[in-house]
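J.: Fold the following and give me the result.
(one chain, ligands or ions: 2)
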Amino acid sequence: ATQNLFLLPGDGIGTEIMAEVQKLIDWLNANGKTDFATDTGLVGGCAYDKHGAAISEEDMAKALKADAVIFGAVGGPKWDNVPYEVRPEAGLLRLRKDLGLFANLRPAICYPALADASSLKRELVEGLDILIVRELTGGVYFGEPKEITDLGNGQKRAVDTQVYETYEIDRIARVAFDLAGTRSKKVHMADKKNVMKSGVLWSEVVASVAKDFPAIKYEHILADNAAMQLVRNPKQFDVMVTDNLFGDILSDAAAMLTGSLGMLPSASLGAPDAATGKRKALYEPVHGSAPDIAGKGIANPIAMIASFAMALRYSFNMIELADKLEAAIAGVLADGLRTGDIAQDGKKTVGTEEMGAAILAK
Ligand code: NAI
Ligand code: MG
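T.: Ligands and ions are numbered 1, 2, ... in the order given. Below is the predicted model of the structure:
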């Protein structure tokens, strides 16, 4: 059956790196490897320019119908002063909310060819392959009350509220354990149960989910210790599941173990559909629209292409193709190909198209 991909390149380098994904899709289709139908929409600043909204209702409807959404990046100085509700990021937030994307998957993979670009010593990161699973729709980012009150005596009081219910923890934990089953079969869960009630509930619920996955090793870890261990001996981790705030911080820390922002993919998944079992999903690079290099043809397309590989893996179960695509990325890096952001002495620097073409050729 034909599978529908909805492409949202967005702004800045988003269009340049998405073009390389489109070439991959065209090649896969032309060679009978896939049967993707693609449609392309507008999100972010370009959608605001055309429709006055960060994403049009028509494109939202297409995103909801698609089997997977492939997202580039949004934003740029041109739109820094547009009204808050229609700022470029609002498009991404709307997509996350309406697609119900509660599970954010952030792999941190250290390619051997780039191990020297890590913030750690080569032997600590070579072969590193961590998957951080961050809860994306709950916790302190959304909990009420959330306010600043003027106390009238020159003092103010700020309140943020961390709220989690059992079902929210249960469903993200199940995503993490399912994923661990396809990897090295180990899950850590990071919280602060020593000082937070939400941590107590996370510990309870995740320990109970772990019982349903006897083949997977489960360990609790305090979030501060997790941060310490990530920069001390990161290879001890495989899958790490955690809440929205700790996930934001720990995934950024893990990311820098791998070298460059231009290398980092991500996936955001929703709940399985009751009838089909298929999850709504959006795949995007971690980086933004890089206005400083936009339009120059020098952006690194690897984070975008690796995000597409995650779509092959997680939305379409095309494991072999995903493995090949990831191996092709590792391969061109091993061959010495570098975009400017990952340039190393003595290695040839190539542009976006040349990097995309080299990966496709592999
Ligand atoms: P950024 O990620 O766009 O850029 C940070 C630095 O990394 C820049 O020097 C950029 O040139 C470089 N860089 C990023 N991706 C690269 C790639 N693929 N190849 C080579 N170099 C790359 O973050 P920044 O500068 O803070 O934000 C720029 C715009 O992007 C802002 O409007 C921001 O709001 C937006 N943004 C959007 C995101 C999204 O769409 N999910 C995420 C982060 C920022
Ligand atoms: Mg962050």
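
J.: Buried residues in the lengthiest helix in the chain, which are they?
T.: Assignment by DSSP state H gives helix 13-30 as the longest helix of the chain. For helix 13-30, the neighbour count (16 or more other Cβ atoms under 10 Å) marks 13-25, 28 as buried. Backbone N, C-alpha and C define where each C-beta goes, glycine included.

J.: list the contacts for D212?
T.: Listed by Cβ atoms under 8 Å, 6 or more residues apart in numbering, the contact set of D212 reads 174, 177.

J.: what kind of secondary structure is it in?
T.: coil (DSSP: H, G, I helix; E, B strand; the rest coil).

J.: For it, grab phi and psi.
T.: phi -80, psi -10 (degrees, to the nearest 10).

J.: how about the helices of the stretch 1-150 of the chain, start to end?
T.: 13-30, 45-51, 57-65, 88-98, 122-125 (DSSP state H, counting those that start in this stretch).

J.: same question for stretch 300-316, mean pLDDT?
T.: Mean per-residue pLDDT for stretch 300-316: 97.

J.: from the chain's centre, how far out does it sit?
T.: Here stretch 300-316 is found 10 Å from its chain centre; the criterion is Cα atoms, centre = their mean, to the nearest Å.

J.: Repeat that for stretch 13-25.
T.: 17 Å.

J.: Show me the strands in this structure, by range?
T.: With DSSP state E as the criterion, the chain has strands at 3-10, 36-40, 68-73, 103-109, 129-135, 147-150, 156-159, 186-191, 217-222, 239-242, 265-272, 279-285.

J.: The last one pairs with which strands, and in what direction?
T.: So the one you mean is strand 279-285. Strand 279-285 has the following sheet partners, assigned by DSSP bridges: strand 68-73 (parallel), strand 265-272 (antiparallel).

J.: do the fourth one as well
T.: Strand 103-109 has these partner strands in its sheet, going by DSSP bridges: strand 129-135 (antiparallel), strand 265-272 (antiparallel).

J.: contacting residues around the residue of the stretch 51-200 of the chain found nearest ligand 1?
T.: Closest to ligand 1 within the stretch 51-200 of the chain is G75: 2.6 Å, counting by Cβ to the nearest ligand atom. Residues near G75 by Cβ under 8 Å, 6+ apart: 10-12, 44-45, 87-89, 288-289, 291.

J.: From S266, how far off is it?
T.: 16 Å (Cβ to Cβ, to the nearest Å).

J.: And G10, by the same measure?
T.: 14 Å.

J.: Which one's more surrounded, the two?
T.: G10 (30 against 23; other Cβ atoms under 10 Å).

J.: who are the neighbours in contact with the more buried one?
T.: 18, 43-46, 71-75, 88, 91, 289.

J.: For the stretch 51-200 of the chain, list the residues in contact with ligand 1, please.
T.: Counting by Cβ under 6 Å from any ligand atom, the residues of the stretch 51-200 of the chain close to ligand 1 are 73-76, 92.

J.: Check those for burial and list the buried ones.
T.: Using 16+ other Cβ under 10 Å, the buried ones in those are 73-76, 92.

J.: Am I right that S56 is in contact with A47?
T.: Yes - under the criterion of Cβ atoms under 8 Å, S56 makes contact with A47 at 6.2 Å.

J.: and stretch 294-303, does that touch ligand 1?
T.: Yes - using Cβ under 6 Å from any ligand atom, stretch 294-303 comes into contact with ligand 1 via 299-300, 303.
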